[in-house]
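> Take a look and give me a structure for this.
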Amino acid sequence: MKTRIALGVIVMMFALVQAGFAGPSDVLNKYFNDTACKVKATSDPAQKREILSTSLQTMTTVLDRVEASGLLPQSDRAGIEHFKSTVQEKRDELTGSNGYQRVADAQLNDFSEYVVQDMEQAPHTVTISLVALLLIILILVLII
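I've put the predicted structure just below:
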């Protein structure tokens, strides 16, 4: 148990150091921007779609884990839910489910840029505390 706590402290310190170099929202923006770069670097539409789908699924998994962790302040739950629903809407647009029209293969590069821009604006419209953002980043780092 002590090893687990020590490892958790080390990982959290690493996350805090990373957060000192780049703000928490910068890390999330970089994650989506890296995804857009990978999409643009790929010529096969099926691979582009897979890259986008995997990225959005990973973010959904991260947000689910943050919610389930019990470390999330009650005041952040609404912000996380809103962010999660935004990510889910992007997944629905990509796949053409839940009333959305599927993104055409020719528009996948533009869609990846749209996701980046929308996520960059999310911190301005969604209130998530620094603690919640650090949890999201920590879990994202551990998953990737």
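
> Dead centre of this protein: give me the residue that sits there.
Against the mean C-alpha coordinate of the chain, by CA atoms, centre = their mean, the closest residue is Met59 at 3.7 Å.

> so it makes contact with Arg91?
No - contact criterion CB atoms under 8 Å: Met59 and Arg91 do not qualify, at 9.2 Å. The way it works is simple: take the backbone N, C-alpha and C, and place the C-beta from them, glycine included.

> one step back: name all residues that make contact with the residue nearest to the centre of the chain.
31, 87, 140 (CB atoms under 8 Å, 6 or more residues apart in numbering).

> Any stretches of this structure with poor pLDDT?
Along the chain, segments meeting pLDDT under 70 span 1-25, 72, 122-135, 142-144.

> Now do the helices in it.
Assigned by DSSP state H, the chain shows helices spanning 2-21, 24-41, 45-69, 77-95, 108-125, 130-143.

> Next one: the residue nearest to the centre of the chain from Ala68, what distance?
15 Å (CB to CB, to the nearest Å).

> same deal with Gly96?
Applying CB to CB to Gly96 and Ala68 gives a distance of 29 Å.

> just Ala46 next, same as before
For Ala46, the distance to Ala68 - CB to CB - is 32 Å.

> what's the answer for Asp44, then?
Counting by CB to CB, the gap from Asp44 to Ala68 is 35 Å.

> thought Lys90 was touching Ser112?
No - in this structure, Lys90 is not within contact of Ser112 by CB under 8 Å, at 10.0 Å.

> quick revisit: mind putting the helices of the chain into a markdown table with distance to Gln101?
A markdown table is the format used below for the helices of the chain (distance: least, CB to CB, whole Å):
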| stretch | distance to Gln101 |
| --- | --- |
| helix 2-21 | 38 |
| helix 24-41 | 19 |
| helix 45-69 | 14 |
| helix 77-95 | 8 |
| helix 108-125 | 12 |
| helix 130-143 | 29 |
